[in-house]
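model this:
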Amino acid sequence: MTSTLSALLYLGLYLSQTISTQKQILSKPIIWAKPDFMIPKGMRVLIFCQGTPEAVEYQLYFEGHLSAQQSPKQLGRRNIVMFHIPAMTPLTAGQYKCIYRSKELWSNPSDPLDLVVTEMYDTPTLSVHPGPEVTSGKNVTFYCQLGTATNKFFLLKEGRSGRPQHRYGNTQVEFPMGPVTTAHRGTYRCFGSYNNHAWSFPSEPVKLLVTEDAGDTSLAPTEHTSFSDLGLWDHTAQNLLRIGLAFLVLVALMCLLAEDWLWRKRAQEKANGASSQERRRRFRTRRRLDK
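Residues are numbered from 1 along each chain as shown. Predicted structure coming up:
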């Protein structure tokens, strides 16, 4: 009984500690900007941060320092706050992160959001060789040129998620690409820059058309951008784990109570048996004395 009781108590303590640890894990929030991560100088930008449904407070950090804080207007699945930048300038361009609080716990920081201010320098020119129309499997090269010297160039494909390609150079750089597939079709622009967050005006767009080779039957990959609610999924999984662990603790306690009840019942039965034997012994002794 003692060993079983100790084992169950140890199990309950371990599960309680595990549940406590799980409660301290908050999924990181999701951060994004509108209209885009590239904002022309003087235009306003909105930064959105989304945490779990129980988030009660959000903080926005700019280059590692607290920039703003806000509470959501309503709790629930769409628990989102919005931070407003009235006019984009080189002073507001940079890296942003956000965190949120649920009860007394703070989440880990979101993935970084790099905001870029554009229209800071002259307009570059963009061209593609051997030409804007090629067959799949060929190689192409984009050339980005800027009249005034700079130190970095960026090439972007419109509608594509992820960070743009970059090359270092003074007045012109090359962006080789290939072998191309139909996935490379699209409209491209380039920018010049002196740093990662302050760019020139965009170049005129260059549209690349990739036609299928007659012998190419492969399927080209498709690109899409989706908003995945991983934070909410992580939160649901944690709740399910907590419920499972709580159920195990309840079962362990029920087993403990049942074993304790059986032990008391056996002890009572032994006591009753001993009492009955003692009464019989006394009765026999009395009868002998009477004789």
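
which stretches of the stretch 151-291 of the chain aren't confidently modelled?
Where the stretch 151-291 of the chain drops to pLDDT under 70, the residues are 161-162, 214-242, 274-276, 278-279, 282-291.

give me that answer again for 90
151, 158-164, 169-171, 178, 194-196, 212-291 (pLDDT under 90).

For it, which segments are assigned as strands?
Along the stretch 151-291 of the chain, counting by DSSP state E, counting those that start in this stretch, strands occupy 152-157, 165-168, 172-177, 186-195, 198-199, 206-211.

from the ones you listed, which stretch is densest packed?
Of all the strands of the stretch 151-291 of the chain, strand 198-199 has the most neighbours on average by mean count of other C-beta atoms under 10 Å, namely a mean of 24. Bear in mind the C-beta positions are built from the backbone N, C-alpha and C, glycine included.

Determine the set of other helices and strands touching that one.
strand 113-118, strand 186-195 (3 or more C-beta pairs under 8 Å, 6 or more residues apart in numbering; DSSP states H and E).

hang on, the earlier thing: make CSV from the strands of the stretch 151-291 of the chain and add distance to M43 to it.
Formatted as CSV, the strands of the stretch 151-291 of the chain follow (distance: least, C-beta to C-beta, whole Å):
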stretch, distance to M43
strand 152-157, 17
strand 165-168, 23
strand 172-177, 27
strand 186-195, 16
strand 198-199, 14
strand 206-211, 24
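
list the contacts for R280?
For R280, no contacting residues are found, by C-beta atoms under 8 Å, 6 or more residues apart in numbering.

what separates it from A271, distance-wise?
Per C-beta to C-beta, to the nearest Å, R280 is found 15 Å from A271.

cool, V251 as well?
Taking C-beta to C-beta, one finds V251 at 31 Å from A271.

How about R78?
64 Å.

Equivalent analysis for L60, please.
For L60 relative to A271 (C-beta to C-beta), the value is 70 Å.

Those two: which is more packed in?
L60 (20 against 10; other C-beta atoms under 10 Å).

for the helix or strand containing that one, packing partners?
Per DSSP states H and E, L60 falls inside strand 57-62. Judged by 3+ C-beta pairs under 8 Å, 6+ apart, strand 57-62 is in contact with strand 45-50, strand 65-70, strand 94-102.

JSON lines please, covering those strands and showing distance to K138.
Formatted as JSON lines, those follow (distance: least, C-beta to C-beta, whole Å):
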{"stretch": "strand 45-50", "distance to K138": "39"}
{"stretch": "strand 65-70", "distance to K138": "47"}
{"stretch": "strand 94-102", "distance to K138": "37"}
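
looking at those, which is closest to V116?
V116 sits nearest to strand 94-102 of all these, at 9.1 Å, using C-beta to C-beta.

The stretch 151-291 of the chain: helices as residue ranges?
230-290 (DSSP state H, counting those that start in this stretch).

With mean neighbour count added, can I get the helices and strands packed on strand 57-62 in a markdown table?
What follows is the helices and strands packed on strand 57-62, written out as a markdown table (neighbours: other C-beta atoms under 10 Å):
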| stretch | mean neighbour count |
| --- | --- |
| strand 45-50 | 20 |
| strand 65-70 | 13 |
| strand 94-102 | 22 |
